[in-house]
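Trainee: Provide a 3D model corresponding to the input given below.
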Amino acid sequence: MSSLRVAALSFLNGTFFGMLANVAVALTASPSVRPNGLLFPLVTTLGFFVFFRATFAYSWNRRAERLRAKSER
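Mentor: Numbers count the residues shown, from 1 in each chain. Here you go, the predicted model:
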């Protein structure tokens, strides 16, 4: 998986869960505490990117290399 593909997956998941966090904070926090509407989506997108790139994409690429080497025999 390329970094571009991981970034696209991170963007889709991060914006959804970031907006979900915005709704949760808006429903539970006092009216004086209002975070910026873009804060949670940006932070979750970056978090997903780092997590996906370090775990999911790394494992996916290792498996793809093993399958490619096996099929070349």
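Trainee: after the helix or strand where Leu4 lies, which helix or strand is next?
Mentor: Following DSSP states H and E, one finds Leu4 within helix 3-28. Of the helices and strands lying after helix 3-28 in sequence (DSSP H and E), the nearest is helix 39-51.
Trainee: elements contacting that next one?
Mentor: Helices and strands touching helix 39-51, by 3 or more C-beta pairs under 8 Å, 6 or more residues apart in numbering; DSSP states H and E, are helix 3-28. Any C-beta I mention is one placed from the backbone N, CA and C, and that applies to glycine too.
Trainee: Leu9: neighbour count?
Mentor: 17 (other C-beta atoms under 10 Å).
Trainee: so it touches Phe51, yeah?
Mentor: No: assessed by C-beta atoms under 8 Å, Leu9 is found out of contact with Phe51, at 10.8 Å.
Trainee: re the thing from before, going by neighbour count, list what's buried in the helix holding Leu4.
Mentor: 6-7, 9-10, 13-15, 17-18, 21-22 (16 or more other C-beta atoms under 10 Å).
Trainee: and Val43, how many neighbours does it have?
Mentor: So Val43, with other C-beta under 10 Å, has 13 neighbours.
Trainee: now do the contacts for the nearest residue in space to it that is not next to it in sequence.
Mentor: Leaving aside its sequence neighbours, Val43 sits nearest to Gly18 (C-beta to C-beta, 6 or more residues apart in numbering; 6.9 Å). Going by C-beta atoms under 8 Å, 6 or more residues apart in numbering, Gly18 touches 39-45.
Trainee: go again with 10 Å.
Mentor: Contacts of Gly18 were listed using C-beta atoms under 10 Å, 6 or more residues apart in numbering, and they are 37-48.
Trainee: same deal with Leu12?
Mentor: 45, 48.
Trainee: how close does it get to Gly18?
Mentor: When C-beta to C-beta, to the nearest Å is the yardstick, Leu12 and Gly18 sit 11 Å from each other.
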